[in-house]
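>>> Kindly generate the corresponding structure for this input.
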Amino acid sequence: MTATATPNATPAHAERRFKYYWEDFAVGSVREFGQMPVSREAVLEFARQFDPQPFHLDDEAAEASLFGRLSASGWHTCAMTMRMMCDDYLLDSASLGSPGLDHLKWLKPVYPGDTLSVRLTILETRLMSKRPGVGLLRSQWEVLNQQRETVLTMDGWGMFRCRPSDLPANRQPATPAA
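Numbers count the residues shown, from 1 in each chain. Below is the predicted model:
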C-alpha cells in the first residue's frame with residue numbers, strides 16, 4: 001500500500017511552536033554553551049572519513065608536523081561546533097538555515113582530550129525585505145578549549161522565522177547578556 005498526500009494537509013512543521021524566534025536574539029547579547037569532549041577515536045574516525053591528512057591520522061606524522069601531536073581536523077571542529085549549536089538552541093528555534101559564513105579562522109589546534117564550548121554573540125539583526133516573516137541574524141561564534149583559549153572563530157548569518165502574531169513574546173531571552 002502506498003501513502004498518498006492529502007491535498008489540503010498542512011505540513012507538521014507549519015504548526016510547530018518554537019522556543020526561540022528571530023525576535024528572541026538581541027543585538028549585543030552573548031550566550032555561552034556546550035561541553036564537547038574531543039576523543040582520539042572521534043578525531044581518527046572523522047579524519048579517515050573526511051580529512052585524511054597524515055597529522056590527523058598518524059601519531060608519527062603529527063609529531064613531525066606543526067601541530068606536534070595528533071590534532072582534530074578544523075572541519076571536525078566546525079562539525080562539533082554545529083552539534084553544540086543544535087543541542088543548545090537551533091533545534092528549539094524557528095531556524096530556516098543559513099545563507100553562509102563571512103569569516104572562519106582556526107586559531108589553535110584542537111587535540112584529543114580537549115573539551116570545547118561555544119560563545120555566541122549576536123552582531124546584527126534585520127528583517128528580510130523579500131521574505132515576509134523571516135529575519136536574519138549575523139552572529140559571531142568563538143569556540144573555546146578547556147583553558148578558555150579561542151581555537152576557532154566564525155562569523156555568519158542565520159535565517160529565522162518571526163514569531164507568529166498569536167504567540168506572546170518569549171519571557172526569557174534566547175541570548176541573555178553575559
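>>> who does the strand or helix carrying residue 105 touch, helix- and strand-wise?
In the assignment (DSSP states H and E), residue 105 maps to strand 100-106. Contacts defined by 3 or more Cβ pairs under 8 Å, 6 or more residues apart in numbering; DSSP states H and E place strand 100-106 against helix 74-88, strand 150-161. Every residue, glycine included, has its C-beta placed from N, CA and C.
>>> buried sites along stretch 82-97?
84, 85, 88, 89, 90, 93, 94, 95, 96 (16 or more other Cβ atoms under 10 Å).
>>> start to end distance for it?
Taking Cα to Cα, to the nearest Å, stretch 82-97 runs 12 Å from one end to the other.
>>> got a list of contacts for it?
18-22, 24, 31, 33-34, 36, 116-118, 120, 134, 141, 158-163, 174 (Cβ atoms under 8 Å, 6 or more residues apart in numbering).
>>> which of the residues you listed count as buried?
Buried among those (16+ other Cβ under 10 Å): 18, 20-22, 24, 31, 34, 36, 116-118, 120, 134, 141, 158-161, 163, 174.
>>> average pLDDT across the helix or strand harbouring residue 139?
Assigned by DSSP H and E, residue 139 belongs to strand 134-144. What strand 134-144 shows for mean pLDDT is 98.
>>> Contacts for it, please.
Contacts with strand 134-144, where a contact means Cβ under 8 Å, 6+ apart, come from 22-23, 25, 77, 81, 85, 96, 99, 102, 116-128, 150-162.
>>> quick revisit: what lines up beside the strand holding residue 105 in the sheet?
strand 150-161 (antiparallel) (DSSP bridges).
>>> and residue 129, how many neighbours?
The local packing of residue 129 (other Cβ atoms under 10 Å) involves 7 other residues.
>>> in the chain, which ranges drop under the pLDDT threshold?
Scanning the chain with the threshold set as pLDDT under 70 gives 1-15, 167-178.
>>> Swap in 80 and give it another go.
1-15, 166-178 (pLDDT under 80).
>>> where exactly do the helices run in it?
With DSSP state H as the criterion, the chain has helices at 12-15, 40-50, 54-57, 59-64, 74-88.
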